[in-house]
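> structural data only, the sequence is not supplied:
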């Protein structure tokens, strides 16, 4: 099996001692096989793939490839059997690119066994094949995603054969169901602000006494396998002072995902936010990849977050206890998103309101997710 398709005119191999080997290349151009009459017992055979084999654009093998095997004393007449399959027959919740994996009782003839594989539902599905080093496990991966909720039926028929040509005794058929998807709008289980001096509603900024306002919305996610997309929309109103400047740098309202444990208290104020960057980014500068700029407007303003970074934050929420987490809103400098900006200590109220009980446009959180 080659790492890429090879040029058919160059595809060959040599067997020593000669056993009437006639090399054939499969339609993918990656599997070169040799079907011949039964080999002599108790004999060492050497297979050589010459360096003259080239890929489709003429690049040759770096060097000849050689391997050796020895035949047994008695001809193999035992039929192979299927030891295990994945996903399990009748299983639900498979991924849209779920590979079908079959493990046999002995090494198999790849070309014969691949020809025995078929997907009967849905029709028209193509797959790519790979094999374990010992030749006992075949993996068939769909070339394109299955539809959400799709029932899949697949089979291995009696053309599947071991290296001695012994075939599977009976056709065996299996099935599974791909995970489903749906979209829902979530209602917060609680909301508010926990710093001192916070008036009724959700406020972000600071007041004339230089007390900071931090706002929270707490949600419980559905029993999802993964969140495919998510959007959060909120309308800010009732601005006061100059809430988006500290006199030197512009400021933004930052949204963060944080762990939550009831009730809302100082633990949510100081909680470490979810990081939506890479593992390296999160470990090297925790916090620099955790705050999403939600708004930089000082007027009544409606904004929506739906970026891939926001979706990663929401998926992190799936891993929280009972799938419950909070969005935290606090004022941040656009030149230093690694650290929150509290009060500018100017004795002027600098804030906006994100939500209050009398608002006709409460925040909206919509998720599209998969489930079994």
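Nice, I can see it. Since we're looking at a predicted model, the values are computed, not measured.

> run through who's touching the helix or strand hosting residue 183.
Counting by DSSP states H and E, the element that carries residue 183 is strand 180-186. Applying CB atoms under 8 Å, 6 or more residues apart in numbering, the external contacts of strand 180-186 come out as 148-149, 219-222, 228, 364-372. Using the backbone N, CA and C atoms, a C-beta is placed for each residue, glycine as well.

> recalculate using a threshold of 6 Å.
148, 149, 219, 365, 366, 368, 370, 371 (CB atoms under 6 Å, 6 or more residues apart in numbering).

> so for it, what gets flagged as buried?
180, 181, 186 (16 or more other CB atoms under 10 Å).

> so the last one bridges to which residues?
Residue 186 has these beta-bridge partners by DSSP bridges: residue 365.

> same question, the first one
Note on residue 180: beta-bridge partners residue 371, judged by DSSP bridges.

> how close does residue 368 get to residue 180?
11 Å (CB to CB, to the nearest Å).

> intersection of neighbour lists for the two?
Common contacts of residue 368 and residue 180, defined by CB under 6 Å, 6+ apart, are absent altogether.

> what is the nearest of the contacts of strand 180-186 to residue 126?
residue 148 (19.5 Å; CB to CB).

> and that closest one, which of the three is it?
State at residue 148, reduced to three classes by DSSP: H, G, I helix; E, B strand; the rest coil: coil.

> can you tell me the closest non-neighbouring residue to it?
Of all residues not flanking residue 148 in the chain, residue 181 sits nearest, at 4.2 Å (CB to CB, 6 or more residues apart in numbering).

> cool, residue 289 as well?
residue 277 (2.9 Å).

> mind listing the helices for the protein?
For the chain, the helices defined by DSSP state H cover 110-115, 266-270, 279-284, 308-318.

> just the residues contacting the last one, thanks.
Contact partners of helix 308-318, identified using CB under 6 Å, 6+ apart, comprise 221, 227, 230, 257, 274, 276, 292, 325.

> surely the fourth one meets residue 272?
No - the pair formed by residue 257 and residue 272 falls short of the contact definition of CB atoms under 6 Å, at 10.5 Å.

> run through the bridge partners of residue 49.
Going by DSSP bridges, residue 49 forms beta bridges with residue 65.

> next, count neighbours for it.
As a burial measure, residue 49 scores 20 neighbours (other CB atoms under 10 Å).

> domain assignment for the chain?
Under the assignment automatic domain parsing, the domains of the chain span 8-70, 82-178, 183-371.

> what is the mean pLDDT for the last one?
Which is domain 183-371. Domain 183-371 shows a mean pLDDT of 83.

> what's the span of it, first residue to last?
End-to-end distance for domain 183-371: 11 Å, by CA to CA, to the nearest Å.

> what about it, distance to the chain center?
26 Å (CA atoms, centre = their mean, to the nearest Å).

> what's the answer for the second one, then?
Taking the mean of its C-alpha atoms, domain 82-178 sits 22 Å from the chain's own mean (CA atoms, centre = their mean).
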